[in-house]
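*Asks:* Fold the stuff below for me.
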Amino acid sequence: MSSFDPWIAAALSMSAAIALVGPLVLATVLWRALKARWLAWLIGAGTFVVFQGVLRLPWQIALGLALKEKVAADPVVAWTWLAVSALSAGLFEETGRYVAYRFFWKDRTAVGGVMLGAGHGGIESIVLVGLNLAVSAVLYVLLSRGMTLGLPEAQLVLVKGQFAKLTPALALAGGAERLSSMAVHCGLSLLVLQTFTRGSKRWLWAAIAFHGLSNLVGAGVSKAVGVGPGEAVIGLFALAALAWTVGWVRAERRSLADGRLA
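*Replies:* Below is the predicted model:
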């Protein structure tokens, strides 16, 4: 591990702050500016916990560990596993959103849908990414100061080796990815909402496909080319989701305004 780099420490801390605090800032903005309800955020968060944390991650992690050696040795198995992971995330999470709308969140407004998506993506950001980034920032500072923290030698070598490859740009990638993911989650929430407002499950399948494809292409490009190009690709998916999200919310607000003026 190289000597302490304050820029890497700052970048890790910034990424952790984005992942941990960003979702709450977004929810607060939606609440204050658009009068979105916090209940939608909580239902979205609960949806992620149940359909990802309880129904998907346990078997996905166990299967990943069982296939670890084959994934490392065989590129075909590695890419197949990447595709299964990406597409199953879309299937479980979007089905979860459908169940949430069907039984727990009856508000069919675009604003409510965005808040539900903010909760879904927000709890993912906080629990799965933000906490890990915060721990990484602390570990980086302490290990670079010569502390071992009682870690076994093999694990210490592994962690130091990972930090040695880190650059400020890579340290910021985690935060950038969370911004893109939040935009995608809000957009996907609105896609699933169309299943109810337009009466067709084609919108649910569109959400599953978009979710799985964004995961697969983003992770695939990162694996084949590098983290930077992978994040750029994910950013393109996020821009597309942001475009229809803003469009639907604006259209809804214009419609409400026209109704009040009539």
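*Asks:* pLDDT on whichever helix in the chain runs longest, on average?
*Replies:* Longest helix of the chain, by residue count under DSSP state H: helix 227-261. Helix 227-261 shows a mean pLDDT of 92.
*Asks:* ok, now stretch 45-59?
*Replies:* The average of the pLDDT scores along stretch 45-59 is 98.
*Asks:* And the longest helix of the chain, what's buried?
*Replies:* Along helix 227-261, these residues count as buried under the neighbour rule (16 or more other CB atoms under 10 Å): 227, 230-235, 237-238, 241-242, 245, 248-249, 252. (Glycine included, C-beta is placed from N, CA and C.)
*Asks:* what two of these are the furthest from one another?
*Replies:* Across these, no pair lies farther apart than Val227 and Glu252, at 36.6 Å, counting by CB to CB.
*Asks:* Run the chain-centre distance for the longest helix of the chain.
*Replies:* Relative to the mean C-alpha coordinate of its chain, helix 227-261 is positioned 17 Å out (CA atoms, centre = their mean, to the nearest Å).
*Asks:* Who are the packing partners of it?
*Replies:* Using 3 or more CB pairs under 8 Å, 6 or more residues apart in numbering; DSSP states H and E as the contact test, the elements touching helix 227-261 are helix 110-124, helix 168-197, helix 202-224.
*Asks:* Just say which of the ones you listed is most tucked in.
*Replies:* Of all these, helix 110-124 carries the top mean neighbour count, a mean of 28, counting by mean count of other CB atoms under 10 Å.
*Asks:* What is that helix packed up against?
*Replies:* By 3+ CB pairs under 8 Å, 6+ apart, helix 110-124 packs against helix 6-34, helix 38-48, helix 75-99, helix 168-197, helix 227-261.
*Asks:* gap between the fourth one and the chain center?
*Replies:* On the basis of CA atoms, centre = their mean, helix 168-197 is displaced by 6 Å from the centre of the chain it belongs to.
*Asks:* same check, this time on the shortest one
*Replies:* Chain-centre distance of helix 38-48: 15 Å, with CA atoms, centre = their mean.
*Asks:* And the contacts of stretch 239-246?
*Replies:* The contact list for stretch 239-246 (CB atoms under 8 Å, 6 or more residues apart in numbering) reads Ala110, Val114, Ala183, Val184, Cys186, Gly187, Leu188, Leu190, Leu191, Phe210.
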